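Novice: Mind folding the following:
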Amino acid sequence: MQKIFDAHLHLWDLDQMSIPWLKFNEYLNKNFNYEDVIKKYQDFDLIGAMYVEVNSDDKDSEASFALKQKELYGFKLCLADINYKDEISAFREVLHTSVKGARRLLEEDFLQILKYLEKENLVFEACMKNEELAMLEFVFRTCPKLKVCLNHFGTPSKEHLDQYKKTLEKFSHYSQFFIKLSAPDNFSQETPKNFLFEIFAFLKACFGEEKLLFGSNFPVAKLEPNEWAKLIIQSEVFENLDAIFYKNAFNLYERS
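Specialist: Model prediction:
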C-alpha cells in the first residue's frame, strides 16, 4: 500500500475559530477533523500530514487549534503568523483571494517576513492566482535562498496554459523552488484527464520529480484525497512515487 504524507490539509472546529468565508459554502461550513481525513484514504497508508492555515480572521485562535492538532497527531504546521516561529515549518498568507492579490508580495512588512523565513530555513507557501505567478520573480530576486513552494501547482487553466508554462519554465533554474501537487479548488471529476496529465508531464520535465510533493487540499478540493492520489498514479507520469507522496515533503519541511 502506497505511503502518503498529505502536505496540504485543512481542518477546523468552528466552535474554536472564526472562518468567515465558510459561510458562503454549505458543505464546508461545518467541522472537519483528522478522523474524517483518515476515512478518505481507504486505499493508502496515511503516515502524516501538514496542517495548512485556513484564512481565519482570528490568527491566535487558529494557532491554538493548530498547535493542539500538532500535539495530537504530530502534524507539521503552516500558519499565517510567524509569532509561532518555533512551531511551524512553513508560512502562508492567502494571496489568490485577497483584494491586493500578489501585490502583497511587494509590501515592506511582507518582505520582512520573507527575509525572516529565508534566515530561519522555513518555507514560504505561495498561494497565488495563475495569472499572477510572474510576480514570484520578485521573491526569487530578493530572497534567493528562500524555499518557495507553489500551492496547487499554480492552479493552471486552459485559458492561460501557454503563459503558465512559460512562466514556470523561467523559474525552473531556481534551486529552492518546489511545486505542491495539491488539488486546485476548482478541479473536479469533470476536469479532463488529458489536461491534468499534460500538466503533470510538464512539471516533471521542467523541475524533475525531486521538486514535486503531494497534497490533498482536503476538504476544500472537490476531488477527495483517495481520488486525487489515484489520479496522480493513473497518469503514469511519475516513476518515484515514494518521493512524490512523502519523501520530498519530509526533505522540504525538515528544519536545519
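
Novice: Helix, strand, or coil at the residue lying closest to F187 once chain neighbours are set aside?
Specialist: Distance criterion CB to CB, 6 or more residues apart in numbering; nearest residue to F187, sequence neighbours excluded, is L223 at 5.9 Å. For glycine as for every other residue, the C-beta is placed from the backbone atoms N, C-alpha and C. What DSSP: H, G, I helix; E, B strand; the rest coil gives for L223 is coil.

Novice: same check, this time on N248
Specialist: helix.

Novice: I'd guessed it sits against G215; true?
Specialist: No: counting by CB atoms under 8 Å, N248 does not reach G215; the two are 11.0 Å apart.

Novice: And for K158, the neighbour number?
Specialist: A total of 10 residues lie near K158 under the criterion other CB atoms under 10 Å.

Novice: out of N248 and G215, which sits in the more crowded spot?
Specialist: G215 (27 against 24).

Novice: ok, for the more buried one, nearest residue in space, not its chain neighbours?
Specialist: Using CB to CB, 6+ apart, the closest residue to G215 is H8 (2.6 Å).

Novice: Is the one you found in contact with M50, as I believe?
Specialist: Yes: between H8 and M50 there is a contact under CB under 8 Å: 6.7 Å.

Novice: Need the overlap of contacts for the two.
Specialist: Common contacts of H8 and M50 (CB atoms under 8 Å, 6 or more residues apart in numbering): G215.

Novice: Please say which of these two ends up with more neighbours.
Specialist: Comparing H8 with M50 by other CB under 10 Å, the one with more neighbours is H8, at 29 against 26.

Novice: who does the helix or strand where that one lies touch, helix- and strand-wise?
Specialist: Taking DSSP states H and E as the criterion, H8 maps to strand 3-9. Packing partners of strand 3-9 (3 or more CB pairs under 8 Å, 6 or more residues apart in numbering; DSSP states H and E): strand 45-52, strand 177-182, strand 212-215, helix 248-252.

Novice: moving C-terminal of it, what's the next helix or strand?
Specialist: helix 34-39.

Novice: what's next to that following helix, contact-wise?
Specialist: Contact with helix 34-39 is made by D6, L9, L11, L46, A49, Q69, L72, Y73, S216, F218, P219, P225, as judged by CB under 8 Å, 6+ apart.

Novice: And it, how far out from the chain middle?
Specialist: 19 Å (CA atoms, centre = their mean, to the nearest Å).

Novice: swap in stretch 183-201?
Specialist: For stretch 183-201, the distance to the chain centre is 16 Å (CA atoms, centre = their mean).

Novice: residues of that stretch that come out buried?
Specialist: Going by neighbour count (16 or more other CB atoms under 10 Å), the buried part of stretch 183-201 is A183, P184, F187, T191, L196, F197, E198, I199, F200.

Novice: Would you state the strands of the stretch 51-200 of the chain in chain order?
Specialist: For the stretch 51-200 of the chain, applying DSSP state E, counting those that start in this stretch gives strands covering 76-79, 90-91, 123-126, 147-150, 177-182.

Novice: which of the helices and strands packed on strand 3-9 is buried the deepest?
Specialist: Using mean count of other CB atoms under 10 Å, the stretch among the helices and strands packed on strand 3-9 with the greatest mean number of neighbours is strand 212-215 (a mean of 26).

Novice: That one: partners in the sheet, and parallel or antiparallel?
Specialist: Sheet pairing for strand 212-215, assigned by DSSP bridges, gives strand 177-182 (parallel).

Novice: pLDDT of the partner strand, averaged?
Specialist: Strand 177-182 shows a mean pLDDT of 98.

Novice: For W228, which non-adjacent residue is closest in space?
Specialist: In space, W228 is closest to A183, 4.7 Å off (CB to CB, 6+ apart).

Novice: Can you pull the phi/psi pair for that neighbour?
Specialist: Per-residue torsions, A183: phi -60, psi 120 (degrees, to the nearest 10).

Novice: any idea how far P225 is from it?
Specialist: Between A183 and P225 the distance is 8 Å, computed by CB to CB, to the nearest Å.
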